[in-house]
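A.B. asks: all I have is the shape, not the residue letters:
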């Protein structure tokens, strides 16, 4: 996973999967550290798990507010997305 700041002032970031073809479970963290600073994960990047053919399950924290366009396109094995407070 790679973390990209979306709001540096409020320390908010997006996650992006760098190799989605191998993962079967994606556990998205609530907080990450970027350049020594703690950020809250609020976004899943566009096309994050694009072509993640083996991905079966995604677990999102309460902090995620936005799931990007096409985040799960091509995830043919995906059977479960755990949403916070759902």
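C.D. replies: Perfect, thanks for sending it. Note that the structure is a prediction, hence the values are computed from the model and not measured.

A.B. asks: so what does the lowest-mean-pLDDT helix or strand in the chain touch, helix or strand wise?
C.D. replies: Using mean pLDDT, DSSP states H and E, strand 2-7 stands out as the lowest-scoring helix or strand of the chain, at a mean of 76. Judged by 3 or more C-beta pairs under 8 Å, 6 or more residues apart in numbering; DSSP states H and E, strand 2-7 is in contact with strand 12-16, strand 31-34, strand 37-44. To be clear about C-beta, it is placed using only N, CA and C from the backbone, and glycine gets the same treatment.

A.B. asks: and the contacts of that strand?
C.D. replies: With contact meaning C-beta atoms under 8 Å, 6 or more residues apart in numbering, strand 2-7 is reached by 11-18, 32, 34, 39, 41-43, 45.

A.B. asks: the residues you listed, buried ones only, as a PyMOL selection?
C.D. replies: Here is the PyMOL command that picks out the buried ones among the contacts of strand 2-7, judged by 16 or more other C-beta atoms under 10 Å:
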select buried, resi 11+12+13+14+15+16+17+32+39+41+42+43+45
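
A.B. asks: out of the contacts of strand 2-7, which one has the weakest pLDDT?
C.D. replies: pLDDT across these is lowest for residue 18, at 74.
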